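1. pasting a predicted model and its sequence here:
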Amino acid sequence: MQMKNTLLNCTGFQWDYGNDTKNWLKHQVTSVECEEIFFNQPLIVGEDSRHSLSEARFYVLGKTEQQRRLFVVCTVRNNLIRVISARDMSKKEREVYCHAENNA
C-alpha cells in the first residue's frame, strides 16, 4: 500500500520527450493514455527494484478511459510521476489485472 500511496500523493506528471516518443513509436501508447490509468480502478502497483539502483521505480497495471490495459514503469521525482515506459499488458499481466477487477 505504501507504493500506491506514493503515486497517489503525486501532484502531476513529468514528461521526458525521449520516453514519450519511444512509447509511441514502439507501442503506440500516448502520454494521455499513461496518465489516465492512474485515475481508474483497479490500479495495481509494485516495486521494480531490479531495474534501478539510484531511484525507486514502480510498475503499474491499469486501464485507460477506452479500457486499454497498460503496463507502465515509472518513478517519482519532485512529487511528479515520470513515466519511463508503457506498453499493452502481456497475457499474464492481463490475468492478474482481471483477477483484481473481479475481486474489487
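-> Thanks, I have the structure now.
2. any idea which residue is closest to the centre of this structure?
-> Per Cα atoms, centre = their mean, the C-alpha nearest to the average position across the chain is that of V72, at 3.1 Å.
3. in the sheet, who's paired with it?
-> V60, A86 (DSSP bridges).
4. can you show me the strands along the protein?
-> Using DSSP state E, the strands found in the chain span residues 12-14, 44-47, 57-63, 69-77, 80-88.
5. report the buried residues of the fourth one.
-> Within strand 69-77, the residues that qualify as buried are 69-76, counting by 16 or more other Cβ atoms under 10 Å. No exception for glycine: its C-beta is placed from N, CA and C like everyone else's.
6. check stretch 45-61 too.
-> When neighbours are counted by 16+ other Cβ under 10 Å, the buried residues of stretch 45-61 are found to be 45, 48, 57-61.
7. contacts only, for the residue nearest to the centre of the chain.
-> In this structure, V72 makes contact with 34, 37, 59-60, 62, 83, 85-86, judged by Cβ atoms under 8 Å, 6 or more residues apart in numbering.
8. phi, psi for Q66 please.
-> Here is the backbone geometry of Q66 (degrees, to the nearest 10): phi -90, psi 10.
9. now do the same contact list for it.
-> Going by Cβ under 8 Å, 6+ apart, Q66 touches E33.
10. how about Q28?
-> For Q28, no residue counts as a contact, taking Cβ under 8 Å, 6+ apart as the criterion.
11. any idea how far it is from F38?
-> Here the distance between Q28 and F38 works out to 19 Å (Cβ to Cβ, to the nearest Å).
12. and H27, by the same measure?
-> H27 sits 18 Å away from F38 when distances are taken as Cβ to Cβ.
13. equivalent analysis for I84, please.
-> With distances defined as Cβ to Cβ, the gap from I84 to F38 amounts to 14 Å.
14. perfect, I'm done here.
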